[in-house]
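1. The amino acid sequence is not available; the structure is as follows:
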């Protein structure tokens, strides 16, 4: 017997979303059905909405819910367990399995997902994408751990392994960027420089741990970063003072910011130490050109970070602990809430840059 579900569907030929009432099939051997409490609304879904498709798509990849059905081979969760749903395999063993997508028969064809779909009041997914958590957690704001927090904070603590006293600059302080700010604060980074085009967002970032804000619409961010971080006792191969951030994170992924993070990084200390690391966190939509001479003579690195290099089984309990002890203020980070019937309003607000932190969809 199937499970009735209200599911957001992205048609093949338009970016206008619709809601369909479906019966989810019973789970296969390694699948689970999860009744969702809330789902994050991520900028990555805008990319999916605006790129060509060969058929309808179901969207969303971060949620909090409760398991209501399990397949015969499911081992690590049972019916009644509270779980976080994510798009990253939960551990190394799960990651070695084949990629698994959900397929749903909708009114205009067979809709597919990218690993999971969470823009629905019930979802069907493989067990490798759910992490069992304490049933007493908040059921709404924790939904954004499965992507926003994991991607931003994970990039800082896992990909870059930022240490106390190192300098960090974060381009783009939406939900992912603010999570990176939190990760940098917990790591003990100093300074933590936020770069954005909106003074309100920059001020908001200071509430999460940013020590400085740069509005790139009115100030050259590269010049400002180097002025803040000059080390008069260290010199480059060109005999100029070393300056720049130890780590620069691009949490947007547009060409402008991808081309800014390398020059924002610390130049190498000639004969004594390498330069800084630029970390691409946001999903890129264009090609990028890098200054190879800068990378070479200053021994800089350009690094990608997918999902914050996270292993959800390992990292989600840590993020929940941050929330419990007040280091990660999810209540403040979630700045907009929508019902499933408001999904087009939500995506329009996200595209217009009106979401200060992270938006979520809540299900009755």
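-> That came through, no problem. What you are looking at is a predicted structure, and each value in this text was computed from that prediction instead of being measured. Numbers count the residues shown, from 1 in each chain.
2. avg pLDDT for the longest strand that the chain contains?
-> Ordering each strand of the chain by length in residues (DSSP state E) puts strand 31-41 first. For strand 31-41, the mean pLDDT works out to 98.
3. Pull up the pairing partners for it, direction included.
-> Strand 31-41 pairs in its sheet with strand 63-70 (antiparallel), strand 122-126 (antiparallel), strand 358-362 (antiparallel), by DSSP bridges.
4. quick one: which of the ones you listed is nearest residue 56?
-> strand 122-126 (15.8 Å; CB to CB). No exception for glycine: its C-beta is placed from N, CA and C like everyone else's.
5. Kindly point out the strands partnered with the next helix or strand after that closest one and how each is oriented relative to it.
-> Per DSSP states H and E, the first helix or strand lying C-terminal to strand 122-126 is strand 130-132. If you go by DSSP bridges, strand 130-132 pairs up with strand 82-85 (antiparallel).
6. From the rest of the structure, what touches the partner strand?
-> The contact list for strand 82-85, computed with CB atoms under 8 Å, 6 or more residues apart in numbering, reads 32, 34, 36, 61-67, 77, 116, 118, 123, 125, 129-135, 137, 139, 142-143, 145-146, 312, 316.
7. which of those count as buried?
-> Neighbour counting with 16 or more other CB atoms under 10 Å marks 32, 34, 36, 61-67, 77, 116, 118, 123, 125, 129-133, 137, 139, 142-143, 145-146, 312, 316 as buried within those.
8. so where do the helices sit in the stretch 1-150 of the chain?
-> Ranges of helices in the stretch 1-150 of the chain, per DSSP state H, counting those that start in this stretch, are 44-50, 92-95, 148-154.
9. Figure out which of the ones you listed is closest to residue 260.
-> When these are compared by CB to CB, helix 148-154 sits nearest residue 260, at 17.8 Å.
10. what pLDDT, on average, does stretch 4-14 get?
-> Averaged over stretch 4-14, pLDDT sits at 97.
11. What are the buried residues along that stretch?
-> Applying a neighbour-count criterion of 16+ other CB under 10 Å, one finds 5-11 buried in stretch 4-14.
12. just the residues you listed now: which is nearest residue 150?
-> Residue 150 has its nearest neighbour among the buried residues of stretch 4-14 in residue 8, at 21.7 Å by CB to CB.
13. Near the closest residue to that closest one other than its chain neighbours, how many residues? Count them for me, please.
-> The shortest distance from residue 8 to any non-neighbouring residue, by CB to CB, 6 or more residues apart in numbering, is to residue 119 (3.8 Å). By other CB atoms under 10 Å, the residues close to residue 119 number 30.
14. The longest strand of the chain: how far from the chain's middle?
-> Using CA atoms, centre = their mean, to the nearest Å, the mean C-alpha position of strand 31-41 is found 17 Å from that of the whole chain.
15. Check stretch 353-364 too.
-> 14 Å.
16. Can you name the residues in contact with it?
-> By CB under 8 Å, 6+ apart, the residues outside stretch 353-364 that reach it are 36-41, 60, 119, 121, 140-141, 143-144, 148, 174-175, 178, 198, 200-201, 204, 332-340, 342-343, 346, 349-350.
17. Any of the residues you listed buried? List them.
-> Among those, those scoring as buried are 36-41, 60, 119, 121, 140-141, 143-144, 148, 174-175, 178, 198, 201, 204, 333-336, 338, 340, 343, 346, 349-350 (criterion: 16+ other CB under 10 Å).
18. Show me those that map onto strands.
-> 36-41, 334-336, 338.
19. thinking again about what came up before, got a list of what the residue nearest to residue 8 touches?
-> 7-8, 39, 41, 45, 58-60, 340, 343, 361.
20. What separation is there between it and residue 269?
-> Computed as CB to CB, to the nearest Å, the residue 119 to residue 269 distance reads 48 Å.
21. Same check on residue 122?
-> Distance from residue 122 to residue 269, by CB to CB: 55 Å.
22. Repeat that for residue 319.
-> Look at residue 319 and residue 269: by CB to CB, they are 34 Å apart.
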